[in-house]
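Chemist: sequence first, then the predicted structure, then my questions.
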Amino acid sequence: MPIEALRAEINEIDQQIIDLIARRQRLAGRIALVKTNEGLSIHDEKRTREVLENAFNEAVEKNINPVYVQKIFTLLIEMSEEKQRECSGDGNLP
């Protein structure tokens, strides 16, 4: 397969990843409303550990570097928490 075709496939996957991140962010906004209504903190250490542990284990099963996958998920969690702060009026986004 020519490199152009492979790169086109990567571009499609990249777009899907961005779409999934956007979907995750929308859900984070909805979670912010629930947390606000229930008086819960934006940061949930137990949930963070759970997500990172699941990401690590899933990466190991799929034979990809689990440390890098955890780094990606750490960023996703940070983005979600920022989105939640934004939705509750405490964010730094424009």
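Modeler: That came through, no problem. Numbers count the residues shown, from 1 in each chain.

Chemist: residue nearest the middle of the chain, spatially speaking?
Modeler: Nearest to the geometric centre of the chain sits L76, at 3.0 Å (Cα atoms, centre = their mean).

Chemist: could I get the pLDDT score of N92?
Modeler: N92 carries a pLDDT value of 58.

Chemist: any idea how far G29 is from V51?
Modeler: 17 Å (Cβ to Cβ, to the nearest Å). Heads up, the C-betas are built off the backbone N, CA and C, glycines and all.

Chemist: which residue of these two possesses the greater neighbour count?
Modeler: V51 (17 against 14; other Cβ atoms under 10 Å).

Chemist: list the contacts for that one?
Modeler: 73, 77 (Cβ atoms under 8 Å, 6 or more residues apart in numbering).

Chemist: apply 10 Å and report the result again.
Modeler: Going by Cβ atoms under 10 Å, 6 or more residues apart in numbering, V51 touches 44, 70, 73-74, 76-77, 80.

Chemist: then D44?
Modeler: Contacts of D44 (Cβ under 10 Å, 6+ apart): 31, 35, 50-51, 77, 81.

Chemist: looking at those residues, which one is closest to I18?
Modeler: I77 (17.3 Å; Cβ to Cβ).

Chemist: centre of the chain versus the helix or strand that contains the closest one, how much separation?
Modeler: For I77, the element it lies in under DSSP states H and E is helix 66-87. Helix 66-87 sits 5 Å away from the centroid of its parent chain (Cα atoms, centre = their mean, to the nearest Å).

Chemist: give me the contacts around it.
Modeler: With Cβ under 10 Å, 6+ apart, helix 66-87 has contacts from 17, 20-21, 24-36, 40-44, 47-48, 51-60, 62, 65, 90-94.
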